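[1] Build the 3D model from these lines:
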Amino acid sequence: MFNKITRHALAMTLVLMGVFSLQVSAQFSVGAKLGGNLNQFTQPGTTIGFSAGGYAAYKALPFLTAKVEPQYSMQGGARQSYYIDYSAIEGNVAAIGFINPSVIMHNIEVPILAELTLPEFTDETMIPKLILGGSYTFMVKATETSTHRYIFNDGGSGVPPTPSVDVGYQRENVTDNYTRNQFSLIVGFGMMFKTDKRDFQFDIRYRQGITQVNLIKYPDAINKSTSSSSFPAANGIGGNLYTSSLSFNFSMTIFNF
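    All right, here's what the predicted structure looks like:
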């Protein structure tokens with residue numbers, strides 16, 4: 001009887017020790033993060049943005065941390081110049097050119113990441129990390145900034161037309177031109193600095209969108225030109241479009257559980 005009780009007590013002790021060791025090694029933490037990014041479509045031209053949010057991390061193994069990062073983020077890029085032809089409509093404006101347009105997408109983004117390191121770095125104060133994962137993005141709003149060039153057709157016989165007029169830094173809401181839901185892949189490298197109370201991390205990440213975001217399928221959808229129009233076609237406005245970002249991030253632990 002005594003041996004049976006002893007075996008049961010020993011088994012319970014081992015189970016409790018295992019649970020305790022798992023709780024010690026599997027640590028939850030939450031924190032805040034900020035970042036700056038360079039954004040581009042699959043076309044030349046870069047825009048600058050930033051991100052801000054928080055994170056929740058779970059240390060599943062000494063060398064593996066799972067992390068989710070709900071945040072506000074900016075994406076976008078430059079687009080090619082295009083024209084809208086109004087020559088078929090009565091009025092003194094023949095066309096409006098949109099010169100050097102750039103688009104900024106305002107998003108709610110949720111990256112889900114795995115941070116990997118080598119087991120021998122676990123107890124160090126500086127820990128290098130390989131970052132792999134993906135993200136889901138919901139676009140709240142997209143704005144396009146460009147120079148508007150107004151081309152007039154008010155000239156007549158013997159009367160020269162009014163020269164074109166440029167009006168700079170014009171902003172338009174172009175949310176309906178782009179897909180709201182987007183998925184991306186993420187790869188990066190980071191360095192964590194551990195202190196007695198909290199952890200700090202700097203990292204660099206590359207994000208590549210895998211969702212085609214352009215809803216303007218054909219140049220005529222925005223060019224509105226006839227076959228006899230003398231204005232250039234809206235090349236680069238229609239067709240497939242993907243986003244990408246190079247981001248530089250800083251995060252800090254607020255609470256450990």
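[2] Quick one: neighbours of Glu144, just the number.
    Glu144 has 19 neighbours, counted by other Cβ atoms under 10 Å. To be clear about C-beta, it is placed using only N, CA and C from the backbone, and glycine gets the same treatment.
[3] Name the helix or strand for it, please.
    In this structure, Glu144 sits in strand 126-152 according to DSSP states H and E.
[4] strand partners of whatever helix or strand comes next after that strand, parallel vs antiparallel please.
    Sequence-wise, the next helix or strand downstream of strand 126-152 (DSSP H and E) is strand 165-173. Under the criterion DSSP bridges, strand 165-173 sits next to strand 126-152 (antiparallel) in its sheet.
[5] buried sites along the partner strand?
    Across strand 126-152, burial judged by 16 or more other Cβ atoms under 10 Å covers 127, 129, 131, 133-135, 137, 139, 142, 144-146, 148-151.
[6] now swap in stretch 169-178 and tell me
    Neighbour-count burial for stretch 169-178 flags Val174, Thr175, Asn177, Tyr178 (criterion: 16+ other Cβ under 10 Å).
[7] Nearest to Leu38 among those?
    Nearest to Leu38 among the buried residues of stretch 169-178 is Tyr178, at 18.9 Å by Cβ to Cβ.
[8] For stretch 172-182, what is the distance to the chain centroid?
    Its chain's C-alpha centre and that of stretch 172-182 lie 14 Å apart, by Cα atoms, centre = their mean, to the nearest Å.
[9] Straight-line length of it, end to end?
    End-to-end distance for stretch 172-182, by Cα to Cα, to the nearest Å: 22 Å.
[10] Average pLDDT for it, rounded please.
    Here stretch 172-182 scores 95 as its mean pLDDT.
[11] what sits up against that stretch?
    103, 105, 107, 136-139, 141-144, 146, 209, 211-216, 243 (Cβ atoms under 8 Å, 6 or more residues apart in numbering).
[12] try 10 Å this time
    Outside stretch 172-182, the residues within contact range by Cβ atoms under 10 Å, 6 or more residues apart in numbering are 75-76, 79, 98, 101, 103-107, 109, 135-146, 148, 209-216, 221-222, 237, 241-243.
[13] then the strand or helix carrying Glu115 to PDB, C-alphas only?
    Under the criterion of DSSP H and E, Glu115 resides in strand 93-116. Extracted in PDB, the C-alpha atoms of strand 93-116 (Å, rounded to 0.1, in the frame of the first residue of the first chain):
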ATOM      1  CA  VAL A  93     -11.000  71.700 -71.000                       C
ATOM      2  CA  ALA A  94      -9.800  69.100 -73.500                       C
ATOM      3  CA  ALA A  95      -8.100  66.900 -71.000                       C
ATOM      4  CA  ILE A  96      -6.700  66.600 -67.500                       C
ATOM      5  CA  GLY A  97      -3.300  65.100 -66.900                       C
ATOM      6  CA  PHE A  98      -2.400  63.400 -63.700                       C
ATOM      7  CA  ILE A  99       1.400  63.900 -63.500                       C
ATOM      8  CA  ASN A 100       3.600  61.800 -61.300                       C
ATOM      9  CA  PRO A 101       0.900  60.300 -59.200                       C
ATOM     10  CA  SER A 102       1.700  58.500 -55.900                       C
ATOM     11  CA  VAL A 103      -0.700  56.400 -53.900                       C
ATOM     12  CA  ILE A 104      -0.800  55.900 -50.100                       C
ATOM     13  CA  MET A 105      -3.000  53.100 -48.600                       C
ATOM     14  CA  HIS A 106      -4.100  53.400 -45.000                       C
ATOM     15  CA  ASN A 107      -4.500  49.900 -43.600                       C
ATOM     16  CA  ILE A 108      -5.200  47.700 -40.600                       C
ATOM     17  CA  GLU A 109      -2.600  45.000 -40.800                       C
ATOM     18  CA  VAL A 110      -2.200  41.800 -38.800                       C
ATOM     19  CA  PRO A 111       1.200  40.100 -39.300                       C
ATOM     20  CA  ILE A 112       1.600  36.600 -37.900                       C
ATOM     21  CA  LEU A 113       5.200  35.700 -37.400                       C
ATOM     22  CA  ALA A 114       7.600  33.000 -36.200                       C
ATOM     23  CA  GLU A 115      10.900  34.300 -34.800                       C
ATOM     24  CA  LEU A 116      13.700  31.700 -34.800                       C
END
